[in-house]
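Asks: okay, sequence plus prediction incoming.
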Amino acid sequence: MNRLLALAAVAALAGCGVETASTAATAAALKKQEVEEGQKTMQRAQQKIDSAMQQSQQRADGAAGTGN
């Protein structure tokens, strides 16, 4: 009887371990996706900044050229 009880306890704990590992893997996958989305957002923002800087420089160059 004790063996059966011990076996049931081990099986229950093993199931919890598998569920915990599965949950951890899911959380890691979600975190990876979140990081990738953050990187894409950062790249888009950097492109917009670069474009704005380029336009600003072109305006400055044009203003300097018309003053002479």
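Replies: That came through, no problem.
Asks: hey, let's count contacts and neighbours off CA atoms from now on
Replies: Fine.
Asks: any idea which element the residue nearest the centre of the chain lies in?
Replies: Taking Cα atoms, centre = their mean, the centroid of the chain lies closest to Val35, which sits 1.4 Å from it. According to DSSP states H and E, Val35 maps onto helix 2-66.
Asks: count of neighbours near Asp50?
Replies: Counted with other Cα atoms under 10 Å, residues neighbouring Asp50 total 12.
Asks: that older thread, in contact with the residue nearest to the centre of the chain, which residues are there?
Replies: For Val35, the contact set (Cα atoms under 8 Å, 6 or more residues apart in numbering) is empty.
Asks: quick one: pLDDT of it?
Replies: As predicted, Val35 sits at a pLDDT of 96.
Asks: cool, and Leu7?
Replies: Listed pLDDT for Leu7 reads 69.
Asks: next: Ala25.
Replies: For Ala25, the predicted pLDDT is 88.
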